[in-house]
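Chemist: Output the structure for:
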Amino acid sequence: MLVDVETEGGGLSRYVLPEGAGDPAEAMTWSLKTLEVAPENVTIPLFAQVYLAPLCEPLRQAGIEPSFVEWLLGQTGVMKSTLAGVYLCHFGRFTGKELPACFRDTANAIEKKAFVAKDALLVVDDYHPVGKKDDARRMLAIAEQLLRSYGDRYGRTRMKADTTLRAAYVPRGLCLATGEDVPGAAQSTAARYFAVELKKGDVNVELLTELQDNKEQLARAMRGYLEWLAPSMDKLSGELKAAFHTLREKARRDGQHARIPEVVAWLYIGLNARLEYAVHTGAIGQDERERWLKTGWHVLVELAEKQARRIEEEKPAAKFINALSEMLAAGEVKTELLTSWREDEGEVKPRPDNFVGWEDRDWFYLLPEIVYRRVVRFYRDQDVNFPVTARTLWKHLEAEGLIFTGDKRTVLKKIAGRAYRVLQLRLDAVRKKS
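Modeler: This is a model prediction of the structure:
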């Protein structure tokens, strides 16, 4: 039995490893076949996460416990759940229809499962925030809670009826989520997952079927890996800590969120550990191990760059600019040339209902509260919460060098004989000059 599930149920009873590893080289050969069942930019991070999971405890002791969720992303019908189920068979008896958790579960149930599945992989299946708005919001809330739990390694504290505190359930393994979308609510949310995209036709169905028919070999491979790790567990923490710091520095790129090179380092550690064991069993030689390590590093760095772009897109300033640009292009909001407001004294120019401010050749002069409400509404209509208040947004815009500021982040501008407090936004941030 891999985890203590006698009283847990809820799909966790399938976490069962065989009594023995069988032929370690044969089992490892089957495990390595999972690297070929889809493109390497899909299989390498999944494979690496599977073998990183048993290292959670020594990494925790070293103060560098993995803190991210791997997110298998793809449209319906691309076989996300089935593929996730095959990888999860390293830990027990699973199929794509018999996974331990899904986004229809309650947040409390997922939290408890994340605690129970220690040093193992928990798959949380089928994030699809569509349909009824209340259901979509509930699913988003569960996804955000999941990402915070694994991303920060904390559990929610609860109070009993007698005012004493219940134990918090902190995640003790790793998580693979599957979904048709990713939770796009805030930059901090995007920084807590590592996306792996599966496209239609990516899965080698014939090989996938072979793996399903021989899934007990995957569990034997994990059993052998755990037995191989066991004698060295006491000294692993120091070795892993040194490797982690070296790999994190190697993966670091200017401007990237600090979490991204950490995820690259963790996944590479998982990949390297498993390939070392594969050499130990005789399933591969050193040359093949080096080839996979080189390919693996290249794949993980490329995925990290894509994740960095996702995080950039979730920055409040970027979300504001994107919304404003789209609304202006669609005519949902309107600005007028500043020169058209140089009326004779006493003349009043009426404003259209969708008016948000003025512009000249270099700047927008936006009415702050009006444009902020328009942007919030723009995202609310897509069932997305804009992540920050107006005042915090102005801080982000200032930090990105997108607004002109005086003594305050909004400035006084005299227009048609009247002083307006405006947000002076760079025009070229929204409209590229020809």
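Chemist: Enumerate the positions of stretch 422-434 that are buried.
Modeler: If you call a residue buried by 16 or more other CB atoms under 10 Å, then stretch 422-434 has these buried ones: Val422, Leu423, Gln424, Leu425, Arg426, Leu427, Ala429, Val430. For glycine as for every other residue, the C-beta is placed from the backbone atoms N, C-alpha and C.
Chemist: avg pLDDT for it?
Modeler: Averaged across stretch 422-434, the pLDDT comes to 86.
Chemist: Repeat that for stretch 232-248.
Modeler: Stretch 232-248 comes out at a mean pLDDT of 94.
Chemist: about what we covered before: so which of the buried residues of stretch 422-434 are in strands?
Modeler: Val422, Leu423, Gln424, Leu425, Arg426 (DSSP state E).
Chemist: Number of residues surrounding the nearest residue to the third one once chain neighbours are set aside?
Modeler: Setting aside the residues directly before and after it, Gln424 is nearest to Phe404 in space (CB to CB, 6 or more residues apart in numbering), at 4.1 Å. Counted with other CB atoms under 10 Å, the neighbours of Phe404 add up to 17.
Chemist: Show me where the stretch 1-150 of the chain has its helices.
Modeler: Along the stretch 1-150 of the chain, the stretches classed as helices by DSSP state H, counting those that start in this stretch are 24-33, 40-52, 56-61, 80-88, 107-116, 133-152.
Chemist: how about a markdown table for those, with distance to Ala330 added?
Modeler: Listed next are those as a markdown table, based on distance: least, CB to CB, whole Å:
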| stretch | distance to Ala330 |
| --- | --- |
| helix 24-33 | 49 |
| helix 40-52 | 35 |
| helix 56-61 | 48 |
| helix 80-88 | 33 |
| helix 107-116 | 37 |
| helix 133-152 | 23 |
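Chemist: Export those to JSON lines and append columns for mean neighbour count, mean pLDDT and distance to Val263.
Modeler: Listed next are the helices of the stretch 1-150 of the chain as JSON lines, based on neighbours: other CB atoms under 10 Å; pLDDT from 0 to 100; distance: least, CB to CB, whole Å:
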{"stretch": "helix 24-33", "mean neighbour count": "21", "mean pLDDT": "98", "distance to Val263": "22"}
{"stretch": "helix 40-52", "mean neighbour count": "24", "mean pLDDT": "98", "distance to Val263": "9"}
{"stretch": "helix 56-61", "mean neighbour count": "18", "mean pLDDT": "96", "distance to Val263": "13"}
{"stretch": "helix 80-88", "mean neighbour count": "24", "mean pLDDT": "98", "distance to Val263": "17"}
{"stretch": "helix 107-116", "mean neighbour count": "20", "mean pLDDT": "93", "distance to Val263": "18"}
{"stretch": "helix 133-152", "mean neighbour count": "18", "mean pLDDT": "88", "distance to Val263": "10"}
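Chemist: Go through the ones you listed and name the closest to Glu98.
Modeler: Closest approach to Glu98 among these (CB to CB): helix 80-88, 7.3 Å.
Chemist: Other residues contacting that closest one?
Modeler: 34, 37-38, 42, 46-47, 49-50, 72-74, 94-100, 121, 123, 125-126, 176, 178-179, 198, 203, 208, 211-212, 215, 218 (CB atoms under 8 Å, 6 or more residues apart in numbering).
Chemist: Also stretch 43-51?
Modeler: Residues contacting stretch 43-51 (CB under 8 Å, 6+ apart): 31, 34-37, 70, 72, 83-84, 87, 90-91, 121, 174, 176, 194, 196, 222, 225, 267-268, 270-271, 273-274, 277, 295-296, 299-300, 303.
Chemist: Leaving out the residues flanking it, which one is nearest to Glu262?
Modeler: Nearest residue to Glu262, sequence neighbours excluded (CB to CB, 6+ apart): Arg248, at 5.7 Å.
Chemist: where does the stretch 251-400 of the chain have low pLDDT?
Modeler: 341-349 (pLDDT under 70).
Chemist: In this structure, mark out all the strands, start to finish.
Modeler: In the chain, the segments counted as strands under DSSP E are 69-73, 101-102, 121-127, 158-159, 165-166, 174-179, 193-197, 334-337, 355-359, 363-366, 403-404, 411-415, 418-426.
Chemist: related to what we said a few turns ago, of all the helices of the stretch 1-150 of the chain, which one comes closest to Pro387?
Modeler: Closest approach to Pro387 among those (CB to CB): helix 133-152, 10.8 Å.
Chemist: contacting residues around Leu397?
Modeler: Leu397 touches Ala317, Phe320, Ile403, Arg409, Leu423, Leu425, counting by CB under 8 Å, 6+ apart.
Chemist: Mind doing that once more with 7 Å?
Modeler: Ala317, Phe320, Ile403 (CB atoms under 7 Å, 6 or more residues apart in numbering).
Chemist: so how far is Thr410 from the second one?
Modeler: Phe320 sits 14 Å away from Thr410, going by CB to CB, to the nearest Å.
Chemist: now for the lengthiest helix in the chain, which elements pack on it?
Modeler: Criterion DSSP state H: the longest helix present in the chain is helix 286-313. Helices and strands touching helix 286-313, by 3 or more CB pairs under 7 Å, 6 or more residues apart in numbering; DSSP states H and E, are helix 40-52, helix 187-190, strand 193-197, helix 259-281.
Chemist: That'll do, ta.
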